[in-house]
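Engineer: with the sequence up front, the predicted model follows.
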Amino acid sequence: MRKLLFIPLLLLLACNDQIGPEDSQQSRQPQEGLYHDMIQLGEKLDDPYTVANMQEALTKVYPTKAGRVDISATDYYVRFLPKDDGQLQTLRESGLYLMDHPMDYSILREGDYYQDPEVGEDAITWQYAVVPHDFTFPTGVRYELLDECFIAEHQASKAFDDVDWALVEQEAYRLTGNEALLETATKGSSGVPEGRITIEDPLFSGGKPFGVSGVMVACNIFVKIATTYTDRDGYYQMRTSFSGNPRYRIVYKNEKGFNIGFNFILIPASVCTLGKGGPEGMDCHITRSDGALFRRSAVNNAAWEYYSRCTREDLDVSPPPADLRIWILNGLSCSSANMLHHGAFLEDSVLKDYLGVYLKLVEVFLPDITVGTKEMDYSEIYKATVHELAHASHYAKVGNTFWTPYIKYVVQSFILEGGNAYGSGFQDGSGYCEVGEMWGYFMQESLYKDHYGGTIASFGNRFWFKPDIFTYLYERGMSRGQFFRCLRQEVTSLDDLHDELISQNPGQEQVINQTFRYFDK
């Protein structure tokens with residue numbers, strides 16, 4: 001965990017004037033007028049997709065057909081006010097796509113998040129969604145019904161099979177005064193958005209653009225929403241057609257099961273706006289100058305690659321636990337795998353004594369991994385991310401029984417030794433750190449070599465623990481899977497690791513003993 005960022009992280013969380021772990025200065029994105037701070041709302045608009053507006057538009061376009069069958073609600077436009085992270089997760093697990101700002105307002109200036117001033121900065125803001133007409137609302141979660149809506153693609157009735165709904169939609173836009181939002185192409189035309197999200201790394205792929213993998217792309221115009229995930233090469237294609245020009249966003253919720261967040265208060269997956277684009281879709285190429293968009297995409301790609309390689313045929317290493325939460329800390333250069341969201345360490349008396357009344361506040365936010373990206377290029381972000389993900393795989397194998405004393409040792413070392421999170425190696429619990437960091441640093445360098453080429457870097461005498469033991473054995477024929485299988489809950493010291501390696505690999509006892517003697521076991 002490089003230097004465990006746990007204590008500075010908690011101090012950040014305790015500051016009321018912080019809007020989130022990642023710096024939110026007004027850095028521009030590729031399109032002029034796009035920012036990473038709070039969205040500025042304009043006036044409320046008349047939603048063309050309400051039942052009343054779509055019924056009127058149908059009557060205008062097809063006066064002889066409209067009277068035969070009345071349009072009924074296919075969806076409801078609602079907003080929820082979850083009181084805590086548990087209720088927010090309940091909403092997300094129900095399959096809803098949630099937005100933190102209303103869908104029927106103009107946007108004066110694009111941004112990545114919104115916090116309703118009437119809710120206050122110390123609570124989760126309203127979450128806006130479009131739900132099916134037969135949706136079962138979760139018990140106990142406050143909600144308000146804002147509009148009954150008709151979205152043609154969601155209708156079950158076959159009564160209007162011969163209706164050109166793109167033409168009706170356009171009429172509804174005109175009737176509600178929103179014709180400026182329409183695509184100015186052929187009358188009645190519509191498009192299904194598709195495109196590609198790419199990024200660049202001068203040290204990889206010859207500097208050529210490559211895809212941002214497995215990330216969610218979302219677009220909407222009023223209550224008409226489409227979401228999908230990019231493929232390995234960054235391509236995406238929606239399944240919903242649009243007549244107007246939707247707003248596009250990248251949501252850092254990856255199909256592999258991890259989230260990169262958060263934007264403001266308790267949003268598990270951060271969002272980067274891309275602004276308006278045509279109904280046919282939007283491409284986006286990300287460079288280092290794009291700030292938060294670049295950092296989030298670099299972490300996303302490193303994590304996507306790591307998860308993809310956690311197979312028996314490749315790394316032979318277990319993937320991190322499901323629903324992993326990754327925070328990016330751009331103002332700092334150190335990273336951690338505290339696994340708080342999955343229950344590590346919070347109940348320990350050391351943390352309770354240190355945090356006191358702030359413990360409940362920390363319990364609400366709960367990251368698993370923090371990645372410090374201060375002044376880092378893509379390759380450095382890659383290295384930091386896979387290091388922490390290797391820890392998360394270790395955690396998935398050993399659980400809190402191992403992780404709590406491990407993090408306890410790191411926190412105590414940080415407090416008692418002036419910020420030295422690894423300590424001197426002599427305190428109680430140092431063996432947990434020794435085994436964990438040997439694995440983390442070895443995986444960091446071996447994966448970096450796989451990705452960028454070259455040789456596995458040596459750590460020499462940089463640390464009191466010896467990641468080079470794994471490297472030495474790896475270069476002599478042992479595999480990462482063999483090492484990982486030895487990282488059992490009971491392996492809490494270098495001696496335990498030595499004995500477990502021999503126990504599981506008796507045919508390689510000689511090289512194991514030689515290696516440990518070489519590194520002064």
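Structural biologist: Done, it's in. Numbering: from 1, shown residues only.

Engineer: residue 306 - nearest residue in space that isn't next to it in sequence?
Structural biologist: In space, and not counting its chain neighbours, residue 306 is closest to residue 389: 4.6 Å by Cβ to Cβ, 6 or more residues apart in numbering. Heads up, the C-betas are built off the backbone N, CA and C, glycines and all.

Engineer: list the contacts of that neighbour.
Structural biologist: Going by Cβ atoms under 8 Å, 6 or more residues apart in numbering, residue 389 touches 302-303, 306-307, 320, 337, 369.

Engineer: as JSON lines, these with distance to residue 274, secondary structure and pLDDT would be great.
Structural biologist: Shown next, in JSON lines, are the contacts of residue 389 (distance: Cβ to Cβ, whole Å; DSSP: H, G, I helix; E, B strand; the rest coil; pLDDT from 0 to 100):
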{"residue": "302", "distance to residue 274": "22", "secondary structure": "helix", "pLDDT": "98"}
{"residue": "303", "distance to residue 274": "21", "secondary structure": "helix", "pLDDT": "98"}
{"residue": "306", "distance to residue 274": "26", "secondary structure": "helix", "pLDDT": "98"}
{"residue": "307", "distance to residue 274": "24", "secondary structure": "helix", "pLDDT": "98"}
{"residue": "320", "distance to residue 274": "28", "secondary structure": "coil", "pLDDT": "97"}
{"residue": "337", "distance to residue 274": "31", "secondary structure": "coil", "pLDDT": "91"}
{"residue": "369", "distance to residue 274": "26", "secondary structure": "strand", "pLDDT": "91"}
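
Engineer: and those, which are buried?
Structural biologist: 302-303, 306-307, 320, 337, 369 (16 or more other Cβ atoms under 10 Å).

Engineer: so which pair among those is furthest apart in space?
Structural biologist: Taking Cβ to Cβ as the measure, the buried ones among the contacts of residue 389 span a maximum distance of 14.8 Å, between 307 and 337.

Engineer: and stretch 509-521, how far from the chain's centre?
Structural biologist: Averaging C-alpha positions (Cα atoms, centre = their mean, to the nearest Å) puts stretch 509-521 41 Å from its chain's average.

Engineer: could you list the low-pLDDT ranges of this structure?
Structural biologist: Low-confidence segments of the chain (pLDDT under 70): 1-34, 66-67, 69, 159, 183-189, 262-269, 345-365, 521.

Engineer: domains for it, by residue range?
Structural biologist: Following automatic domain parsing, one gets these domains for the chain: 6-11+292-518, 35-181.

Engineer: how about those domains, which one is nearest residue 194?
Structural biologist: domain 35-181 (16.5 Å).

Engineer: can you pull out the strands in the stretch 251-400 of the chain?
Structural biologist: Under the criterion DSSP state E, counting those that start in this stretch, the stretch 251-400 of the chain contains strands at 258-261, 271-276, 284-286, 324-329, 369-372.

Engineer: of those strands, which is nearest residue 238?
Structural biologist: Nearest of these to residue 238, taken as Cβ to Cβ: strand 271-276 at 13.8 Å.

Engineer: in its sheet, what does the closest one sit against?
Structural biologist: For strand 271-276, the pairing partners within the sheet under DSSP bridges are strand 247-254 (antiparallel).

Engineer: now name the helix or strand holding the residue located most distally from the centre of the chain.
Structural biologist: Distance from the C-alpha centroid of the chain, by Cα atoms, centre = their mean, peaks at residue 64 (49.9 Å). In the assignment (DSSP states H and E), residue 64 maps to no helix and no strand.

Engineer: residue 460 versus that one, what's the distance?
Structural biologist: According to Cβ to Cβ, to the nearest Å, residue 64 and residue 460 sit 84 Å apart.

Engineer: likewise residue 370?
Structural biologist: Between residue 370 and residue 460 the computed distance is 27 Å (Cβ to Cβ).

Engineer: of these two, which one has the most company?
Structural biologist: A count of neighbours by other Cβ atoms under 10 Å puts residue 370 above the other of residue 370 and residue 460, at 27 against 9.

Engineer: surely the more buried one meets residue 338?
Structural biologist: Yes - using Cβ atoms under 8 Å, residue 370 is in contact with residue 338, at 7.3 Å.

Engineer: max-length helix in this structure?
Structural biologist: helix 378-416 (DSSP state H).

Engineer: helices or strands up against whatever helix or strand comes next after that helix?
Structural biologist: Moving toward the C-terminus from helix 378-416, the next helix or strand (DSSP H and E) is helix 430-452. Applying 3 or more Cβ pairs under 8 Å, 6 or more residues apart in numbering; DSSP states H and E, one finds that helix 430-452 contacts helix 378-416, helix 468-474, helix 480-485, helix 494-504.

Engineer: go again with 10 Å.
Structural biologist: If you count contacts as 3 or more Cβ pairs under 10 Å, 6 or more residues apart in numbering; DSSP states H and E, helix 430-452 packs onto helix 292-309, helix 378-416, helix 468-474, helix 480-485, helix 494-504.

Engineer: now the nearest residue to residue 111 once chain neighbours are set aside: how far from residue 275?
Structural biologist: Ranked by Cβ to Cβ, 6+ apart and with sequence neighbours excluded, the top spatial neighbour of residue 111 is residue 39, at 4.0 Å. According to Cβ to Cβ, residue 39 stands 12 Å off from residue 275.

Engineer: now find how far off-centre stretch 216-229 is within its chain.
Structural biologist: Worked out by Cα atoms, centre = their mean, stretch 216-229 lies 17 Å from the chain centre.

Engineer: buried ones in that stretch?
Structural biologist: Neighbour-count burial for stretch 216-229 [16+ other Cβ under 10 Å]: 216-228.

Engineer: mind putting those residues into CSV with secondary structure and distance to residue 396?
Structural biologist: Output for the buried residues of stretch 216-229, formatted as CSV (DSSP: H, G, I helix; E, B strand; the rest coil; distance: Cβ to Cβ, whole Å):
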residue, secondary structure, distance to residue 396
216, strand, 23
217, strand, 28
218, strand, 29
219, strand, 34
220, strand, 35
221, strand, 41
222, coil, 42
223, coil, 39
224, strand, 39
225, strand, 33
226, strand, 33
227, strand, 28
228, strand, 28
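
Engineer: for those, work out which two are farthest apart.
Structural biologist: The most widely separated members of those are 216 and 222, with 19.8 Å between them, by Cβ to Cβ.

Engineer: tell me, how many neighbours does residue 129 end up with?
Structural biologist: Residue 129 has 22 neighbours, counted by other Cβ under 10 Å.

Engineer: before we move on, what SS does it have?
Structural biologist: strand (DSSP: H, G, I helix; E, B strand; the rest coil).

Engineer: that concludes my questions; thank you for your assistance.
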